[in-house]
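# Output the structure for:
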Amino acid sequence: MKRVHLRIHGQVQGVMFRGWTVDEATERGLDGWVRNVHDGTVEAVLAGEDAKVDEMIQRCHEGPPAARVSKVDVTDAEEPVGRGFHQAPSV
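Got it, this is the predicted structure:
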């Protein structure tokens, strides 16, 4: 079981990135959340099988069609996540 925190940079707000992330993560059976951050980035916590988390990280480097991802910061996450994947309120 792997749990990571992502900070996604680039043109990632206003392009359906959060909804896309919920769909992609749910399809892979991951737990966690995604939200917009006031600095223009998108933040997410992904938890699940190692290979599925790694696959989702790679997908986040691309994002939905309208997104332009410039960088994805990945760190280990310690915070607990509930079951399922959801869109959290923006911060």
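# Report the spatially nearest residue to G82, omitting neighbours in sequence.
Leaving aside its sequence neighbours, G82 sits nearest to D31 (CB to CB, 6 or more residues apart in numbering; 6.7 Å). Placement of C-beta: from N, CA and C, glycine included.
# typo on my end, I57
The spatially closest residue to I57, leaving aside those adjacent along the chain, is V74, at 6.0 Å (CB to CB, 6+ apart).
# how near is the one you found to M16?
Going from V74 to M16 by CB to CB, to the nearest Å gives 22 Å.
# repeat for P80
P80 is 28 Å from M16, where distance means CB to CB.
# Please apply the same query to R28.
18 Å.
# before we move on, what about G63?
9 Å.
# of those two, who's got more company?
Remark: of G63 and M16, G63 carries more neighbours, 22 against 15, as counted by other CB atoms under 10 Å.
# The more buried one belongs to a helix?
No: secondary structure of G63 (DSSP: H, G, I helix; E, B strand; the rest coil): coil, not part of a helix.
# Helices of the chain, start to end?
Under the criterion DSSP state H, the chain contains helices at 17-27, 50-60.
# just how off-centre is the first one within its chain?
Helix 17-27 has its average C-alpha position 8 Å from the chain's average C-alpha position, going by CA atoms, centre = their mean, to the nearest Å.
# Next: the last one.
Remark: helix 50-60 is offset 10 Å from the chain centroid, using CA atoms, centre = their mean.
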